[in-house]
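Peer 1: I need the structure of the sequence given here:
(one chain, ligands or ions: 1)
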Amino acid sequence: MDFEIGEYFRARTPSATLHINERVATLWAAGETVYHLGFGESRFPVHPRLKEALAASAGEKSYLPARGLPALREAVAGYYTRESGQTVRPDQVIIGPGSKALIFALQMALKADLYLPAASWVSYAPQAEMLGKTVHGIPGRVEDDYVPDLAAFEVSVAATDAQKLLIINSPSNPTGRMLDEDFLQALASLCRRHNVVVLSDEIYARLSHDEPAISMARYYPEGTFTLGGLSKHLSLGGWRLGVAIAPSSPGGERVLAAMEAIASEIWSTASAPVQHAAVLAFSGEQDIEAYIDVCRRIHALRTGFFADRLQTLGIRCTRPQGGFYVTASFEEFSQALATRNIDTSDTLAGHLLDVYRIAALPGSAFGIPESELSLRLATSYLDMETDDAAARVLEAFTAGTPAEAFMTEQIHPRTHGCLRAFEHFVAELSGSAD
Ligand SMILES: Cc1ncc(COP(=O)(O)O)c(C=O)c1O
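Peer 2: Prediction:
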């Protein structure tokens, strides 16, 4: 039988991040060495008390309310009140099966065009397109680490009186950059002037490297929906638990009610055992917070080291301030690359995987023009490919290994191997390869 597929999906392939992960898995299964910089998954072990809490909740088999388990919404409200210093009430909270699903529900609930900085996470634009929305790019420049150009954004939003949705993400996937206070304040007044709703994706907020991340809700509480979850700072991507906080207003409540309706028709509720266990994750208990802090410091060391070494090799990359990503630009090598028929970020990523066994995502997957020869590099898998390897990295850190020794080849052999592969690539491009 010939099945007819909806028009939008005829030309669609699975999300770029999941696709590269599958390609790497195939190469690994064939016994190949591949440096996997393509998938952003925090790989630390599940905290033992969270494991116990999940096991203890295995008997929770009933459907929960579409907005989430009341005790969890209360814990989430308490957590965000502590984190942001502003009161968040449980009735502003909705729980979902990952923040990805909640981002989709919010986009579905709001009648608004989407405004997206280049560079932005891979799934925002496809979600909007699935919903038939128009997506407007906001330019950013590699020289500014892709922090969005507010003047260009203002010109674009001033052209229409309709409601607009802007998605920001700080710390950023793919650049690792954070939006600072001045930027957020300027953005808040711009959004106020032009009726812009903000979805502030703060899924990496607890993984800031030095300074704490600042929430957009601090400056624009009336128009900001804050998104978070457990996937990144507690390495629980597979648990599928995300949260959204709506503005405290009748308007915010109307959007939450629409999201609740969407949830009730699509996923009903996030997994009951996971929601019960997640109460502890948001409790602020000291050992959980200490664990989050250790993981944060390790990501900071590994990502900062990687970015510094790339710069030393002459590869320009963004300055990571949070999370575990950098965006590298190979524009300076564009002539040498052109002689190898590499003139897009896609062909660049393909060449690195085929020849150097480095798996990375092309900047084009993040809304960066494909001619810009940029790659998103995630450090989260290197030397943490298996659960045992990840546990060894954690152990080395918690045993008090000094920072310099922690990043040596002994503890991070594949990180060093990957950097050597980049060194060979740069040598090839500079004509000095042996
Ligand atoms: C920027 C960003 N937002 C949201 C998500 C989705 O996270 P989850 O659905 O696991 O909460 C991810 C995952 O990679 C991400 O990088």
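
Peer 1: isn't residue 34 up against residue 26?
Peer 2: No. The pair residue 34 / residue 26 is not scored as a contact, 9.6 Å apart, by CB atoms under 8 Å. Heads up, the C-betas are built off the backbone N, CA and C, glycines and all.

Peer 1: of those two, who's got more company?
Peer 2: residue 34 (22 against 11; other CB atoms under 10 Å).

Peer 1: so what's the more buried one up against?
Peer 2: 24, 27-28, 353, 357-359 (CB atoms under 8 Å, 6 or more residues apart in numbering).

Peer 1: what is the burial count for the residue of the stretch 1-150 of the chain found nearest the ligand?
Peer 2: Per CB to the nearest ligand atom, residue 98 is where the stretch 1-150 of the chain lies closest to the ligand, at 2.9 Å. Residues lying near residue 98 (other CB under 10 Å) number 20.

Peer 1: model confidence score at it, please.
Peer 2: With respect to pLDDT, residue 98 scores 98.

Peer 1: confirm for me that it is in contact with residue 241.
Peer 2: Yes. With contacts counted by CB under 8 Å, residue 98 reaches residue 241, the gap being 6.8 Å.

Peer 1: what subset of the contacts of residue 34 is buried?
Peer 2: 24, 353, 357-359 (16 or more other CB atoms under 10 Å).

Peer 1: what's the spacing between the helix or strand that contains residue 415 and its chain's center?
Peer 2: Here residue 415, judged by DSSP states H and E, is contained in helix 413-429. Distance, stretch centre to chain centre, for helix 413-429: 25 Å (CA atoms, centre = their mean, to the nearest Å).

Peer 1: mean confidence score for that helix?
Peer 2: Rounded mean pLDDT across helix 413-429 is 97.

Peer 1: next SSE after the top helix by length along the chain?
Peer 2: For the chain, the helix with the greatest residue count under DSSP state H is helix 286-312. Next along the chain after helix 286-312, taking DSSP H and E as the criterion, comes strand 316-317.

Peer 1: so the spatially most central residue of the chain: helix, strand or coil?
Peer 2: In the chain, the centroid-proximal residue (CA atoms, centre = their mean) is residue 173; its distance is 4.3 Å. The three-state label given to residue 173 by DSSP: H, G, I helix; E, B strand; the rest coil is coil.

Peer 1: contacts only, for it.
Peer 2: Shown in contact with residue 173 (CB under 8 Å, 6+ apart): 40, 121, 204, 323, 325, 376.

Peer 1: right, and the second one touches residue 169 too?
Peer 2: Yes. Here residue 121 reaches residue 169: they are 5.8 Å apart, a contact under CB under 8 Å.

Peer 1: which neighbours do those two share?
Peer 2: What both residue 121 and residue 169 touch, as defined by CB under 8 Å, 6+ apart, is the set residue 201.
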